[in-house]
Every structure is written in structure tokens, then in C-alpha cells.
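Participant: turn this into a structure:
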Amino acid sequence: MTERLQPEPWLRESLRDVPPVARAVLHALQLAEEDLASWCGGLDAQELNSRPGRLPSVAFQIRHIARSVDRLLSYAEGRQLDEVQIAALKAEMDDDAEPDEVFAELTGMIERAARRIRELASEDLEVKRVVGRKKLPTTLCGLLVHVADHTQRHVGQAITTAKIVRGSKTEAAK
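Facilitator: Got it, this is the predicted structure:
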């Protein structure tokens, strides 16, 4: 883990051109990318795919973040999931991830998500939306906030798993 050289994104006075809710979501995504790079970036493929104590792997957590943000933003845009998104969902648990590929997927998603969130930011946050096959009711605001909180939940799980994987490797070497 590398030491944080600057304050967290929300303390940098950035993204002032973005409305507050969207700004908070974008800051959460920036923090996720930075924290995952810092805490998980040095893992090799075996460590990234490791499932200590049957926990989901770090690779799963990172892929799940990227792909769930895409899915949640589809709902926020008033769309249902397409076949590509459903296939990607089913492949999240695959245990053959390469670090470069996983982090590239995350970075690409954050770039695309930022554009999508900026476009959604000008809409009425109370506009009704539905989620999933059951079409559970929510709002655009609810979905945007969930992008941030769901992402941060899985960042924490990825970091915890990375610490366990590194600790297990250190203990095995003794």
C-alpha cells in the first residue's frame, strides 16, 4: 500500500461544474479507483484470484464494481440490461483474471461512468426509475447514490481480501 499523497477526491475542491449529487458519486468513483490501485494494484494473478476462506476474490470485487456501475447506470438512464451486461454479470466469478485486464476494465468503466453521470446530472433527480426484472421502484437520485455506496462497499471488501491474501502469503513464507 502506498501512502496517500493528496486529500481524498471530495476534499480537493474538484468537479465544481457538476451538480452536488453527481459530484459526490464521481468523487466516490475516483476514490474507489485510487484505493483499489493503492491496496490491490501490486497483486499478481494468483493473489488477485485467490479466495481465502472462500471469500470472493479481489478480481471478483473489482469486476463487480465495474460491471455493477454499468448496470446501475443503465437503470438510471431508464433502460433494462442487455444481453452483453447479463453475460458479463454471469462471468464476474471467473477465476482467470489478469491484473492488467481487471484494472483496465475498472479504469475504462470509471471514464465511461463519469460521462454518463454528467449527462444524468441535469435531469430531475426525483424522476421515477425501475430496477431489475421485477422492476422495483426507485428514483434517479436513489440509483446515483447507490452507485457510490455499492462501489465503496465492494472496495472495502476488495481491500480486506487483499490484506488477507498478503497476510497469508507472509505467514506461509515464515
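Participant: in the helix or strand containing I110, which residues are buried?
Facilitator: Per DSSP states H and E: I110 is located in helix 99-120. By 16 or more other CB atoms under 10 Å, the buried positions in helix 99-120 come out as 99, 102-103, 105-106, 109-110, 113-114, 116-118, 120. Every C-beta, even on glycine, is put in place using the N, C-alpha and C of the backbone.
Participant: closest to R79 among those?
Facilitator: Within the buried residues of helix 99-120, distances to R79 taken as CB to CB reach their minimum at R116, with 11.2 Å.
Participant: flag the shaky bits of the protein, pLDDT-wise.
Facilitator: Flagging of the chain using pLDDT under 70 yields the residue ranges 1-4, 168-174.
Participant: for this structure, which segments count as strands?
Facilitator: Under the criterion DSSP state E, the chain contains strands at 128-131, 136-139.
Participant: mind listing what the first one pairs with, with the direction of each?
Facilitator: Here the strand partners of strand 128-131, with direction, are listed using DSSP bridges: strand 136-139 (antiparallel).
Participant: contacts for the partner strand, please.
Facilitator: Residues outside strand 136-139 that contact it (CB atoms under 8 Å, 6 or more residues apart in numbering) are Y75, L125, E126, V127, K128, R129, V130, V131, H146.
Participant: so which of those residues wins on neighbours?
Facilitator: Neighbour counts for the contacts of strand 136-139 (other CB atoms under 10 Å) peak at Y75, which has 22 neighbours.
Participant: so that one sits right up against L143, yeah?
Facilitator: Yes: with contact defined as CB atoms under 8 Å, Y75 counts as touching L143 (5.6 Å).
Participant: rewinding a little: dump the buried residues of helix 99-120 to CSV, plus distance to P56.
Facilitator: As requested, the buried residues of helix 99-120 are exported to CSV (distance: CB to CB, whole Å):
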residue, distance to P56
P99, 16
V102, 13
F103, 17
E105, 16
L106, 16
M109, 18
I110, 20
A113, 22
A114, 26
R116, 26
I117, 26
R118, 31
L120, 29
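Participant: burial of V21, as a residue count?
Facilitator: 17.
Participant: for this structure, longest helix please?
Facilitator: Secondary structure of the chain read by DSSP state H shows that its longest helix is helix 140-173.
Participant: for that helix, name the packing helices and strands.
Facilitator: Using 3 or more CB pairs under 8 Å, 6 or more residues apart in numbering; DSSP states H and E as the contact test, the elements touching helix 140-173 are helix 20-40, helix 45-49, helix 58-76, helix 99-120, strand 128-131.
Participant: the same query, at a cut-off of 6 Å, please.
Facilitator: helix 20-40, helix 58-76 (3 or more CB pairs under 6 Å, 6 or more residues apart in numbering; DSSP states H and E).
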